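Colleague: Curious how this folds, go ahead:
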Amino acid sequence: MRTVVPPAEEAVSKLFRSLDSNRTSEREDAEKELLKLGPAILDKLPPVRDSDSSEALLRIERIRETLEAQEQASILLPTRIQLTGSMAGSDALRKISELSGNTIPLEETPGLDLTIDARFSETTFWEAFDEVLDQLNLTVMPGDGESIRLIPQQEDAPLRIQMAAYSGAFRLEPIQVIQSSNLQSPDRSTLTLDFLFAWEPRLNPSLITFRTEKIQLICDNGEILRPRTQEAITFIPVGGSQLQISLDFPMPSKQAKKIDRFVGAFQAAVPGRMAGVSFSDLANKRSAKLSNGSLNVTLEQARKNRDVYELLVSVQHEGGGASVSGKPVSSQAWSTLQDVFLLDSQDQRIENVGWSTTRMTDKEMGMSFLFELEKGLEGCKFVFRAPGSLHVQEVDFALVDIPLP
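Modeller: Take a look at the predicted model:
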């Protein structure tokens with residue numbers, strides 16, 4: 001896989017400034033050059049300022065829309081692995097990690113020196129990963145919010161590749177079926193299906209929504225069971241690369257011996273590249289607004305608050321495909337992805353010592369950030385970074401042959 005070296009920020013900034021040139025040819029050439037650089041420059045584009053001309057703003061918006069569409073077309077596709085030959089398990093997993101951009105921790109994992117046979121030609125990440133783990137008698141520690149953590153597979157456990165369903169960059173696996181009989185109200189008897197939902201670690205989704213109106217269990221006797229709740233089930237991952245999910249269904253009849261198919265759909269909101277804005281002259285700053293992509297940040301106030309300095313901001317996210325089931329993605333989904341800090345006069349990073357939410361709506365979030373500073377705000381820059389866009393994809397899934405108790 002060829003490594004793409006991101007263009008220098010200064011070169012991008014120079015082209016960006018040329019969008020406001022007095023010469024039409026320079027403006028057009030700058031736009032063409034920026035588009036040639038591709039989505040890798042999305043996090044290099046400087047923020048939009050009120051002083052920019054209307055034509056420059058129009059070109060910037062056009063560039064962003066084109067590059068974000070290119071990014072969306074690629075970011076949600078499953079990674080494909082090309083790897084053949086006999087090799088140590090550790091080498092195979094490191095190569096899969098390198099080719100996919102997915103972190104696979106190998107420390108303290110037993111049995112990685114075993115030789116495996118890799119025959120992967122445009123194989124998706126999860127299928128290649130599962131096949132290698134099956135050859136090494138390893139599996140992933142299940143859990144809610146857990147990252148990939150390899151452990152020995154139990155001797156009587158089925159192969160990972162036999163149990164899983166693969167939907168693009170996502171993996172689903174049933175882990176438990178429980179039938180609970182209500183003796184006093186038989187119609188309230190419940191079948192609970194627990195399953196693991198995992199994504200390629202590179203994605204870092206900010207919102208997962210299961211469309212319960214599209215979910216159903218189809219039993220081997222023809223019965224069709226639908227979830228007891230028809231409300232969408234939404235998760236905001238706060239780390240890791242998997243969720244453990246439980247769904248309740250009505251109890252099937254005794255004639256049903258297995259679930260032929262567990263089908264449905266989910267929507268995943270995956271962040272694009274980080275966008276940032278930077279505010280200077282903080283000691284005298286009040287109500288200044290900067291935009292970068294779908295990220296709009298207003299620095300409302302910077303002030304001394306007892307022994308710390310407090311910066312109050314308003315954050316808005318617009319567009320970027322940030323809509324799930326027809327509803328805008330909550331600001332809370334973005335807040336888990338932010339990177340907020342100060343740079344001192346020597347460009348040394350100063351982390352915030354705490355933050356809180358002052359208000360929240362679907363489109364806006366008020367936030368307060370606290371910093372400990374010996375010399376005050378003079379000469380400091382306030383940097384707010386968050387994804388410039390969210391890419392939303394709806395994915396169908398199907399799990400088959402799930403035995404009933």
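
Colleague: which residues does V308 bridge with?
Modeller: Counting by DSSP bridges, V308 forms beta bridges with N305.

Colleague: Surely it is in contact with L370?
Modeller: Yes: the criterion here is C-beta atoms under 8 Å, and V308 meets it with L370 at 4.7 Å. To be clear about C-beta, it is placed using only N, CA and C from the backbone, and glycine gets the same treatment.

Colleague: Now for these two: what residues contact both?
Modeller: Common contacts of V308 and L370 (C-beta atoms under 8 Å, 6 or more residues apart in numbering): V353.

Colleague: how about low-confidence regions in this protein?
Modeller: Scanning the chain for pLDDT under 70 picks out 1-9, 46-52, 73, 285, 318-336, 362.

Colleague: And the helices in it, which stretches?
Modeller: With helices called from DSSP state H, the chain shows them at 9-18, 24-37, 54-75, 89-100, 125-136, 160-163, 331-335.

Colleague: Using a markdown table, lay out those helices together with distance to K258 and mean neighbour count.
Modeller: As requested, the helices of the chain are exported to a markdown table (distance: least, C-beta to C-beta, whole Å; neighbours: other C-beta atoms under 10 Å):
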| stretch | distance to K258 | mean neighbour count |
| --- | --- | --- |
| helix 9-18 | 57 | 16 |
| helix 24-37 | 53 | 15 |
| helix 54-75 | 37 | 17 |
| helix 89-100 | 33 | 19 |
| helix 125-136 | 22 | 22 |
| helix 160-163 | 14 | 17 |
| helix 331-335 | 37 | 20 |
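
Colleague: Among the ones you listed, which comes closest to F279?
Modeller: Closest to F279 of these, according to C-beta to C-beta: helix 9-18, at 17.3 Å.

Colleague: Contacts only, for L99.
Modeller: Counting by C-beta under 8 Å, 6+ apart, L99 has contacts M1, T79, I81, Q82, L83.

Colleague: Drop anything exposed from the residues you listed.
Modeller: Buried subset of those (neighbour count, 16 or more other C-beta atoms under 10 Å): T79, I81, L83.

Colleague: quick one: contacts for the closest residue to the second one other than its chain neighbours?
Modeller: This points to I81. With C-beta to C-beta, 6 or more residues apart in numbering as the criterion, I81 has its nearest non-adjacent residue at 4.2 Å, and that residue is A128. When contacts are counted by C-beta under 8 Å, 6+ apart, A128 touches I81, L83, I96, A118, F120.

Colleague: what's the closest of the residues you listed to T358?
Modeller: The closest of these to T358 turns out to be I96 (C-beta to C-beta; 44.1 Å).

Colleague: pretty sure that closest one contacts D130?
Modeller: No: the pair I96 and D130 fails to qualify as a contact (C-beta under 8 Å) at a distance of 10.7 Å.
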